[in-house]
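Student: Here's my sequence, what's the structure:
(chains A and B)
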2 protein chains.
Amino acid sequence: MRICFIGDSFMNGTGDDDCLGWPGRLCARARRSGRDVTLYNLGIRRDTSADILVRWEREARARLLPEHDGRLVFSFGVNDCVHEVPDRRRVPEDEALANAHAILVRAAAWLPTLMIGPPWTGEPDLDVRVRRLSERLAGLCGALAVPFLPVCDSLAGADAWLREAAEGDGIHPNRQGYALLADLVAAWPEWRSWVERPGRSPPP
Amino acid sequence: MRICFIGDSFMNGTGDDDCLGWPGRLCARARRSGRDVTLYNLGIRRDTSADILVRWEREARARLLPEHDGRLVFSFGVNDCVHEVPDRRRVPEDEALANAHAILVRAAAWLPTLMIGPPWTGEPDLDVRVRRLSERLAGLCGALAVPFLPVCDSLAGADAWLREAAEGDGIHPNRQGYALLADLVAAWPEWRSWVERPGRSPPP
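Tutor: Numbering: from 1, shown residues only, chains lettered A, B, ... in the order given. Sure, this is the predicted structure:
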């Protein structure tokens, strides 16, 4: 199985001194349990939904050929919500939703696709916008039948996530925070259905 | 510093149960020594020099903006040398050199660039071709003033590299092999000049 993880800096694993991020931890766990997973980490720092819309498919198609059991995992949204000038988001909320719709419709028509919601940042005003976007992305994914895992509330209550971000660049965690996020995804039944072998039947 | 590692499956880290490959190990070492390195692993399984020629610059430019202290590391060549039909390489040797020339001229004119030679595969006929291509790539890089690190002979003598490949899919190593390759690059003065801080001057 070859999986493209497409997203932003939190997908890239920015700030992780182990250089694994959560996709690396997640895929290493699957490999150690015997699944032959190939990881393509296509997270890019500062990428918004608009940036991902224009690049994701070309990059994924260069990596996933029809014979490869290709899979897609997306996670983005925080950068859309950032204000670089006062009171103006980098991507307006409705436009972010339209970008996500355009991405996910094509993705899900091509390959098995999952979406992980945007994480918590620890910046209160930003997190209000991130949580609202996460809720709207959840609704969009529901309408498109793309499994969606919200993570911002879980991470908001995670000491390691907040502490490592504060010790780092203020927004990205380090190894413990990314390990926490990997644990959330690893426990998600939609992910487990990709990587767990079906249990053996009891003897007749 | 943000570094794009562009290449094939050996760059991707295929077969590594830790999902780090050699670029992950190398960058984690730099981060632990205090360098703020961001890793973009752009290795793609099965990619030849021809595949990389058509994709590398668009992918790197999406990741490296002028303000980022961007760097480029290339490694490819084994797939060019593979025979998929008898006596016919996937990419003829002169064409592989022409592709590498086209890639490296543009890369080095844009950003600091390094090249790591193709590794050892353990398949005797293939390795004859890989070693010859490595030697020609070394000559090309010399002419272009792109630092080049040959690794195939070092890996040919490395028990872990050969043993893990035999235990795996026959060609890709696992964690010990990739750690060995990371060690070779980490010890290379051209790499060290990127990530080592200059020593402090003695007090006057």
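Student: what's the offset of the helix or strand of chain A with the lowest mean pLDDT from the middle of its chain?
Tutor: Least confident helix or strand, chain A: strand A:83-85 with a mean of 92, by mean pLDDT, DSSP states H and E. Distance of strand A:83-85 from the chain centroid (C-alpha atoms, centre = their mean, to the nearest Å) equals 23 Å.
Student: Let me know the average pLDDT across the longest helix seen in chain A.
Tutor: In chain A, with assignment by DSSP state H, the single longest helix is helix A:124-144. Helix A:124-144 carries an average pLDDT of 97.
Student: Tell me the neighbouring strands of the next helix or strand after that helix, and mark each as parallel or antiparallel.
Tutor: Taking DSSP states H and E as the definition, the helix or strand that follows helix A:124-144 towards the C-terminus is strand A:148-149. Strand A:148-149 sits in its sheet next to strand A:113-116 (parallel), going by DSSP bridges.
Student: can stretch A:30-46 be found next to chain B?
Tutor: Yes - against chain B, stretch A:30-46 shows contacts by C-beta under 8 Å from any C-beta of the partner chain at A:31, A:32, A:38, A:39, A:40, A:41, A:44, A:45. In this view, the C-beta of every residue, glycine as well, is placed from N, C-alpha and C.
Student: if I look at the residue nearest the centre of chain A, how far off is residue A:119?
Tutor: In chain A, the centroid-proximal residue (C-alpha atoms, centre = their mean) is residue A:75; its distance is 2.9 Å. In this view, residue A:75 and residue A:119 are 8 Å apart by C-beta to C-beta, to the nearest Å.
Student: Residues that sit against both of those two, list them.
Tutor: Here residue A:75 and residue A:119 have residue A:10 as joint contacts, going by C-beta atoms under 8 Å, 6 or more residues apart in numbering or on different chains.
Student: Residue A:102: neighbouring residues, count only.
Tutor: Residue A:102: 12 surrounding residues under other C-beta atoms under 10 Å in any protein chain shown.
Student: Over to the one 10 residues further on?
Tutor: Around residue A:112 there are 18 other residues, counting by other C-beta under 10 Å.
Student: Repeat that for residue A:88.
Tutor: Neighbours around residue A:88, by other C-beta under 10 Å: 9.
Student: Next: the one 5 residues further on.
Tutor: Neighbour count for residue A:93, taken as other C-beta under 10 Å: 15.
Student: Count the neighbours of the nearest residue to it once chain neighbours are set aside for me.
Tutor: Spatially, and ignoring its direct neighbours in sequence, residue A:93 is nearest to residue A:133 (6.2 Å; C-beta to C-beta, 6 or more residues apart in numbering or on different chains). Burial of residue A:133, expressed as a neighbour count using other C-beta under 10 Å, amounts to 25.
Student: do you know how far residue A:4 is from chain B?
Tutor: From residue A:4 across to chain B, the span is 11 Å (C-beta to the nearest C-beta, to the nearest Å).
Student: how about that residue, what does it touch?
Tutor: Contacts of residue A:4 by C-beta under 8 Å, 6+ apart are A:40, A:42, A:59, A:60, A:63, A:64, A:70, A:71, A:72, A:73.
Student: Would you list the phi and psi of the nearest residue to residue A:118 once chain neighbours are set aside?
Tutor: Residue nearest to residue A:118 in three dimensions, not counting chain neighbours: residue A:77, with 3.5 Å by C-beta to C-beta, 6+ apart. Per-residue torsions, residue A:77: phi 140, psi -30 (degrees, to the nearest 10).
Student: which one of the contacts of residue A:4 sits closest to residue B:1?
Tutor: Residue B:1 has its nearest neighbour among the contacts of residue A:4 in residue A:42, at 19.8 Å by C-beta to C-beta.
Student: Surely the closest one is in a strand?
Tutor: Yes - under DSSP: H, G, I helix; E, B strand; the rest coil, residue A:42 sits within a strand.
Student: What is the neighbour count of it?
Tutor: Using other C-beta under 10 Å: residue A:42 sits among 27 other residues.
Student: wait, doesn't residue A:119 sit right on residue A:76?
Tutor: No - with contact defined as C-beta atoms under 8 Å, residue A:119 does not count as touching residue A:76 (10.6 Å).
Student: Return the residues in contact with residue A:131.
Tutor: Contacts for residue A:131 (C-beta under 8 Å, 6+ apart) come out as A:152, A:153.
Student: Equivalent analysis for residue A:126, please.
Tutor: Residue A:126 neighbours (C-beta under 8 Å, 6+ apart): A:78, A:81, A:82, A:83.
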